[in-house]
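>>> give me the fold of what follows.
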Amino acid sequence: MSKRKPSSRANGRPRHEPTAHSRELVRTLYLAGWRQDRIAVTLRLDPKTLRLRYKPDLANEPARAAIRSAAARVRAKATWAARKARAG
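Presented below is the predicted three-dimensional model:
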């Protein structure tokens, strides 16, 4: 029985290198509320690769919370306006 040599990357997929466009896409989708697994599928990446290569882009939780809060305020105002319009 022979021992296996450590595999080189030559036989597998090339290493993913983020581009400016892919970083912007990840930030935009993450701030829009997409889950990491959905973003990974969109970019055709393994979720582990997404977390490894885009960690700074996925760490913007305060901005994501602010966007969610603003969206909730907009929804509340729209609901209130719709109820007011129905009431007459």
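>>> Arg51 contacts Leu58, doesn't it?
Yes: the pair Arg51 and Leu58 passes the contact test of CB atoms under 8 Å, sitting 6.8 Å apart. From N, CA and C alone the C-beta is placed, and that goes for glycine too.
>>> joint contacts of those two?
Gln36 (CB atoms under 8 Å, 6 or more residues apart in numbering).
>>> quick one: which of these two has more around it?
Neighbours were counted for Arg51 and for Leu58 using other CB atoms under 10 Å; Leu58 has more, 16 against 13.
>>> for that one, which non-adjacent residue is spatially closest?
Spatially, and ignoring its direct neighbours in sequence, Leu58 is nearest to Tyr30 (5.7 Å; CB to CB, 6 or more residues apart in numbering).
>>> cool, and Pro18?
In space, and not counting its chain neighbours, Pro18 is closest to Arg53: 5.2 Å by CB to CB, 6+ apart.
>>> and that neighbour, what does it touch?
Neighbour list for Arg53: 16-18, 45 [criterion: CB under 8 Å, 6+ apart].
>>> remind me what the one helix or strand Ala71 maps to packs against, helices and strands.
Ala71 is part of helix 61-87, with elements assigned from DSSP states H and E. Other helices and strands packing on helix 61-87, by 3 or more CB pairs under 8 Å, 6 or more residues apart in numbering; DSSP states H and E, are helix 20-31.
>>> which of the residues in the very next helix or strand once past the helix it packs on are buried?
Per DSSP H and E, the first helix or strand lying C-terminal to helix 20-31 is helix 36-42. Residues 39-40 are the ones in helix 36-42 that count as buried (16 or more other CB atoms under 10 Å).
>>> swap in stretch 59-76?
For stretch 59-76, the neighbour count (16+ other CB under 10 Å) marks Arg64 as buried.
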